[in-house]
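*Asks:* Generate coordinates for the sequence data below:
(chains A, B, C and D)
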Amino acid sequence: MLNFVDTVGEAVAGIKDGSTVMIGGFGNAGQPFELIDALMDCGATGLTVVNNNAGQGDQGLALLIKEGRVKKMICSFPRQSDSWHFDAKFRAGEIELELVPQGNLAERIRAAGAGIGGFFTPTGYGTMLAEGKETRILDGRGQVFETPIHADVALIKAFTADGKGNLVYRKTARNFGPIMAAAAKHTIVQVSGIVPTGGLDPEIIVTPGIYVNSIVKVA
Amino acid sequence: MLNFVDTVGEAVAGIKDGSTVMIGGFGNAGQPFELIDALMDCGATGLTVVNNNAGQGDQGLALLIKEGRVKKMICSFPRQSDSWHFDAKFRAGEIELELVPQGNLAERIRAAGAGIGGFFTPTGYGTMLAEGKETRILDGRGQVFETPIHADVALIKAFTADGKGNLVYRKTARNFGPIMAAAAKHTIVQVSGIVPTGGLDPEIIVTPGIYVNSIVKVA
Amino acid sequence: MSVQSNDQTASPAGIRTSEKPLGRDDLARLVARDIKPGSFVNLGIGQPTLVSNYLEPEQDITLHTENGMLGMGPEATGDQIDGDLINAGKIPVTELPGASYFHHADSFAIMRGGHLDICVLGAFQVSATGDLANWHTGAPDAIPAVGGAMDLATGAKDVFVMMTLLTREGISKLVETCSYPLTGIGCVTRVYTDRAVFLTGPDGVEVRETFGCTLEELQDMVPVPLRAASAAGS
Amino acid sequence: MSVQSNDQTASPAGIRTSEKPLGRDDLARLVARDIKPGSFVNLGIGQPTLVSNYLEPEQDITLHTENGMLGMGPEATGDQIDGDLINAGKIPVTELPGASYFHHADSFAIMRGGHLDICVLGAFQVSATGDLANWHTGAPDAIPAVGGAMDLATGAKDVFVMMTLLTREGISKLVETCSYPLTGIGCVTRVYTDRAVFLTGPDGVEVRETFGCTLEELQDMVPVPLRAASAAGS
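*Replies:* Okay, here's the model as predicted:
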């Protein structure tokens, strides 16, 4: 069921310790900062977080990592110039890392939402990121077997929602939002605006409301 | 390279005997009738055709089948009240049929465009449509291994194109168009209108021009 | 007749809730009332599409059609008819406020990814453990056509079947093991027929209610062991 | 300097086409001129993004960025800067007419499905047969980060590498076998360096042109057998 809630605190209140949480965004674009802050405040810990990166600077995901609330990161690009909190935890052996090529990350998230049990891809074949994974030759190319990434919760940022929970995004802030919304059991969305049902052209909707559970407007 | 051509005849002129041709449409919605007629006129034969259905009535794909130009159909729903030409050829043993559950058809076409070498899906597990196929248990469910469907050519119908070949569709006529455009080596599109580059909002484009080779406006 | 509404179990008055077998429309009304408010539902093609006639606006049900749409409205009439807007049965339909369109892979991802709450399908046969046969009679000269049936049967959270209990020859379509080619294994959770509503699952068949017959009379028609549903079993 | 343009082979005047080694910008200009008109191109992050400065409008090149866009324009300045519009390096960029946005799975499907004509990447090492190492030094304390490098290396029709030929220590980055962890196997087709342009493939390494050195001098720097490219080989 779809709920419109008034605060980010209400939106994330149900997130339990030990959850797998997908967090949208690529760099700062599409990152649901307010929802991440609310996740920080709500106290859930032992989290597995799926995000392209592993936090930047001293805010958002970086802060969650700093405070020891993230048990494991599944991401493609943890090392950035300002990813010092992740770096410190990783070097201290206090956080687990599953490093995934970015396209495999996207496709594995998409597979979870689309009911695919696993797939073969050339990406990563013959590299250390395929070590221990099943491989086979298909279409004349070496390919690696990859499995879906499901999540308990997705935290994403969209631009506008309508009364049915349909979403549109803005520019490259779209990135992981649509596929994470489909892959998670419970999808929480922060939006810049809400319009009445019928206020979005059915042809331009990117995420249909079927994938959305909670919506909160963030100023 | 993208070409805008003046006639459907020019658009299909390069299609060779023995080609695999994807044809968009679900029922009549999104079916590129004029391109199919041109394919009829151009004489190419020995075709493998990928379409959800196997022709209706006495027009379009049904006519191609009647004239013996289709060696094999890959489709999900060949039997319809007015699919008499397919029925006759099939009963006479003059056309090969690969029957594919519709979701597997869509996902296999999508896999071809997305560079996936194969995938496991629960659809069809334990049924005669999975006979002879590899199966395994994933996520606690029986699943069947399915492979991508590539094509030499896709014939699709869109609503509007811009100067870069970006496409938008109309209502349920969208159906197979976007995934076939990505799966074929050469994609030919009939559109109702063409606008200058910049005339389509970048947020609403469904098929980016990278997937499009020839565009012809049909009155 | 009195029909059960909103997923309630059999009334204390007994398992027989109607004096006569139900007609197709009464059955469609019953299915419609059993769909929980806010659900996302696919009604397949044919008989199950009758259910849409009995959905109440306050139920806020969103209909999905496999050919790329959520928020499908009633069948189109007159000027509403638009060749670009059809349902899975290729019948012109309408669009409700809040609708959305998407391509075929995205549409089937909705079905296959387990996002639909309910799909309602017709059937040739349903087995005691919920196997479904609804796409192929297996006759040697039949031209098979599967469409989206396997995706719906495999993907929806709940698969409801609507069918007459007996064939024209009087043979039960609820069977121990399907003799027709399967659509999906163990996927059906409820079977709505003119004679009874059955709950199927790994533990066999429960009867939620009967129409125009007693449980004993029903058992005489059906070759699988039946038991009355417990209050919690519905 | 004189640079080769539009995919021509070495001039009759000889394989050395520049008196001095090329600087980064001259190299970027050379790569830009080698991209066929109408191509769809991804410039990765870092040094290869310099190429965009030298693409001519009449080449009609469409730039892809992995984070969900085709038709990316130049870096944004001043009022153009919009936090929702960035490139793979997380730098604010602009949008050209005819641009389109899509989600991450669709964006990587463009890369992985073989739809990009060319990607241009940096590298730590390239092997004689076109293996690429560009994501991880393999140092025990390094925190690995791969991003979209493997998808680009595996998916693009042609993979061009831009790098200095030698490390700061004077060691060739063109090697017999990569010692750093691989990004992709046999994927690199051309290597643009400050000293030469190499064509790599299953049959080994050809030199298209040299900058500031002869083929013999180049061979002294590089531990793999080199041969001059045939006219058809470029």
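*Asks:* who's in contact with the residue nearest to C:Val146 when sequence neighbours are not counted?
*Replies:* Nearest non-adjacent residue to C:Val146, counting by Cβ to Cβ, 6 or more residues apart in numbering or on different chains: C:Trp135, 4.8 Å away. Quick note: C-beta positions are derived from backbone N, CA and C, even for glycine. Counting by Cβ atoms under 8 Å, 6 or more residues apart in numbering or on different chains, C:Trp135 touches C:144-147, C:149-150, C:181, C:183.
*Asks:* What pLDDT is listed against C:Trp135?
*Replies:* C:Trp135 is assigned a predicted lDDT (pLDDT) of 96.
*Asks:* before we move on, what about the one 10 residues further on?
*Replies:* Listed pLDDT for C:Ala145 reads 94.
*Asks:* so what's it up against?
*Replies:* Contacts of C:Ala145 (Cβ under 8 Å, 6+ apart): B:76-80, B:99, C:135-136.
*Asks:* Over to C:Asn53?
*Replies:* Contacts of C:Asn53 by Cβ under 8 Å, 6+ apart are C:25, C:28, C:32, C:74.
*Asks:* and C:Phe108, which of the three is it?
*Replies:* Of the three states, C:Phe108 takes helix under DSSP: H, G, I helix; E, B strand; the rest coil.
*Asks:* Now do the strands in chain C.
*Replies:* C:16-18, C:40-42, C:62-65, C:69-75, C:93-101, C:118-121, C:125-127, C:132-133, C:158-162, C:174-175, C:188-192, C:196-199, C:205-211, C:226-228 (DSSP state E).
*Asks:* which of these is buried the deepest?
*Replies:* Highest mean neighbour count among the strands of chain C (mean count of other Cβ atoms under 10 Å in any protein chain shown): strand C:132-133, with a mean of 28.
*Asks:* Near the closest residue to A:Gly163 other than its chain neighbours, how many other residues are there?
*Replies:* Closest residue to A:Gly163 apart from its sequence neighbours, by Cβ to Cβ, 6+ apart: A:Thr197 at 3.4 Å. Neighbour count of A:Thr197, defined by other Cβ atoms under 10 Å in any protein chain shown: 16.
*Asks:* Tell me what angle the longest helix seen in chain A forms with helix B:102-114.
*Replies:* In chain A, assigned by DSSP state H, the helix with the most residues is helix A:102-114. Between helix A:102-114 and helix B:102-114, the angle comes out at 170 degrees (axes from the mean of the first three to the mean of the last three Cα atoms, to 10 degrees).
*Asks:* Does anything pack onto helix A:102-114? Which helices or strands?
*Replies:* strand A:118-121, strand A:141-146, helix A:177-183, helix C:104-112, helix D:104-112, helix D:149-155 (3 or more Cβ pairs under 8 Å, 6 or more residues apart in numbering or on different chains; DSSP states H and E).
*Asks:* quick one: it to chain centroid distance?
*Replies:* With Cα atoms, centre = their mean, to the nearest Å as the basis, helix A:102-114 stands 11 Å off its chain's centre.
*Asks:* In it, which residues are buried?
*Replies:* Using 16 or more other Cβ atoms under 10 Å in any protein chain shown as the test for burial, helix A:102-114 gives A:102-114.
*Asks:* what's the answer for stretch A:67-83, then?
*Replies:* So, applying 16+ other Cβ under 10 Å, buried residues of stretch A:67-83: A:69-71, A:73-80, A:83.
*Asks:* May I have it exported as PDB, CA atoms only?
*Replies:* Only the C-alpha atoms of stretch A:67-83 are listed here, as PDB (Å, rounded to 0.1, in the frame of the first residue of the first chain):
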ATOM      1  CA  GLU A  67      29.200   5.600  13.100                       C
ATOM      2  CA  GLY A  68      29.600   1.800  12.500                       C
ATOM      3  CA  ARG A  69      26.000   1.200  11.300                       C
ATOM      4  CA  VAL A  70      27.000  -0.400   8.000                       C
ATOM      5  CA  LYS A  71      28.200  -4.000   8.200                       C
ATOM      6  CA  LYS A  72      28.700  -4.400   4.500                       C
ATOM      7  CA  MET A  73      28.900  -2.200   1.400                       C
ATOM      8  CA  ILE A  74      27.900  -3.500  -2.000                       C
ATOM      9  CA  CYS A  75      29.200  -0.900  -4.500                       C
ATOM     10  CA  SER A  76      31.300  -0.300  -7.600                       C
ATOM     11  CA  PHE A  77      33.400   2.700  -6.600                       C
ATOM     12  CA  PRO A  78      34.200   3.000  -2.900                       C
ATOM     13  CA  ARG A  79      37.500   4.800  -3.300                       C
ATOM     14  CA  GLN A  80      37.100   8.500  -3.800                       C
ATOM     15  CA  SER A  81      39.100  11.500  -2.800                       C
ATOM     16  CA  ASP A  82      36.800  12.200   0.100                       C
ATOM     17  CA  SER A  83      35.800   8.700   1.100                       C
END
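*Asks:* pLDDT averaged over it, what's the number?
*Replies:* 94.
*Asks:* how about that stretch against chain D, any contact?
*Replies:* Yes: counting by Cβ under 8 Å from any Cβ of the partner chain, contacts between stretch A:67-83 and chain D involve A:76-80.
*Asks:* could these be laid out in CSV, adding secondary structure and distance to chain B?
*Replies:* Listed next are those as CSV, based on DSSP: H, G, I helix; E, B strand; the rest coil; distance: Cβ to the nearest Cβ, whole Å:
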residue, secondary structure, distance to chain B
A:Ser76, coil, 17
A:Phe77, strand, 21
A:Pro78, coil, 25
A:Arg79, coil, 26
A:Gln80, coil, 27
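*Asks:* Tell me which two of the residues you listed sit farthest apart.
*Replies:* Within the residues of stretch A:67-83 next to chain D, A:Ser76 and A:Gln80 form the most distant pair, 11.5 Å apart (Cβ to Cβ).
*Asks:* got any residues that touch both of the two?
*Replies:* In contact with both A:Ser76 and A:Gln80: A:53, D:145, using Cβ under 8 Å, 6+ apart.
*Asks:* Show me which residues of chain A are close to chain B?
*Replies:* A:107, A:111, A:114-122, A:136, A:138-139, A:141, A:143, A:147-148, A:168-171, A:201-204.
*Asks:* Quick one: buried ones out of the residues you listed?
*Replies:* Counted by 16+ other Cβ under 10 Å, the residues of chain A next to chain B give A:107, A:111, A:114-122, A:138, A:143, A:147-148, A:168-171, A:202-204 as buried.
*Asks:* before we move on, the earlier item: of the buried residues of stretch A:67-83, which is the nearest to chain C?
*Replies:* Nearest to chain C, judged by Cβ to the nearest Cβ, of the buried residues of stretch A:67-83 is A:Ile74 at 19.3 Å.
*Asks:* Quick check: neighbours of whatever helix or strand the closest one lives in in the sheet, parallel or antiparallel?
*Replies:* Secondary structure assignment for A:Ile74, by DSSP states H and E: strand A:70-75. Paired neighbours of strand A:70-75 in the sheet (DSSP bridges): strand A:47-50 (parallel), strand A:96-99 (parallel).
*Asks:* Of the ones you listed, which stretch is the most buried?
*Replies:* strand A:47-50 comes out most buried of the strands paired with strand A:70-75 by mean count of other Cβ under 10 Å, with a mean of 24.
*Asks:* I appreciate the help and will end here.
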